[in-house]
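A.B. asks: Okay, sequence plus prediction incoming.
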Amino acid sequence: MKWSALSTVDKHKVEKRKKYRPWTFQSIRSVKELKDKGIIEAGWRSDTVGYALEIEADEHIVHHSPRERKGTSHGERFNALIQILNRHPINRGYPDAWQTVKTEVYSFPRSPAKNLTILSYAHDSTDIQKKWPV
């Protein structure tokens with residue numbers, strides 16, 4: 001989606017976010033650019049597009065290939081327990097785990113899964129009962 005194709009409401013949301021995360025919007029003009037810059041990685045995609053990364057109980061990462069399992073979905077919103085998988089400057093100062101309020105945890109979020117580090121994950125308690133990157 002091109003910047004010029006965004007609705008006035010969407011442009012307002014982006015402008016508001018710039019105030020809190022200016023480094024993410026300095027030169028970005030499309031969703032493709034966000035993906036290319038690594039700001040958006042895994043997202044809502046069909047089972048034919050990209051890899052889904054699942055976190056097992058021992059924190060081992062399982063790669064589900066395209067057409068393996070299903071496309072992205074989510075259950076009802078719930079209070080999710082977010083857990084740190086890898087420390088990084090972006091999560092410096094965060095506890096090892098914290099609870100969010102009324103969030104969606106995507107199951108089978110899909111992406112190219114190249115050159116990425118999963119920083120945190122949550123157990124999806126309302127959809128298929130697995131752990132997914134968040």
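C.D. replies: Received, thanks.
A.B. asks: got the contact list for the closest residue to Pro112 other than its chain neighbours?
C.D. replies: Take Pro112 and drop its neighbours on the chain: the residue closest to it by C-beta to C-beta, 6 or more residues apart in numbering is Gly50, 5.6 Å away. Yep, even glycine has a C-beta here, placed from its N, CA and C like the rest. Residues near Gly50 by C-beta atoms under 8 Å, 6 or more residues apart in numbering: Ala42, Pro66, Arg110, Ser111, Pro112, Ala113.
A.B. asks: Need the phi and psi values for Gly50.
C.D. replies: phi 70, psi -180 (degrees, to the nearest 10).
A.B. asks: where does it land on pLDDT?
C.D. replies: If you check Gly50, the pLDDT there is 86.
A.B. asks: now do Arg29
C.D. replies: Looking at Arg29, its pLDDT is 54.
A.B. asks: now the closest residue to Thr117 other than its chain neighbours, what's its secondary structure?
C.D. replies: Once flanking residues are discounted, Thr117 sits nearest to Asn86: 5.4 Å by C-beta to C-beta, 6+ apart. Using DSSP: H, G, I helix; E, B strand; the rest coil, the structure places Asn86 in coil.
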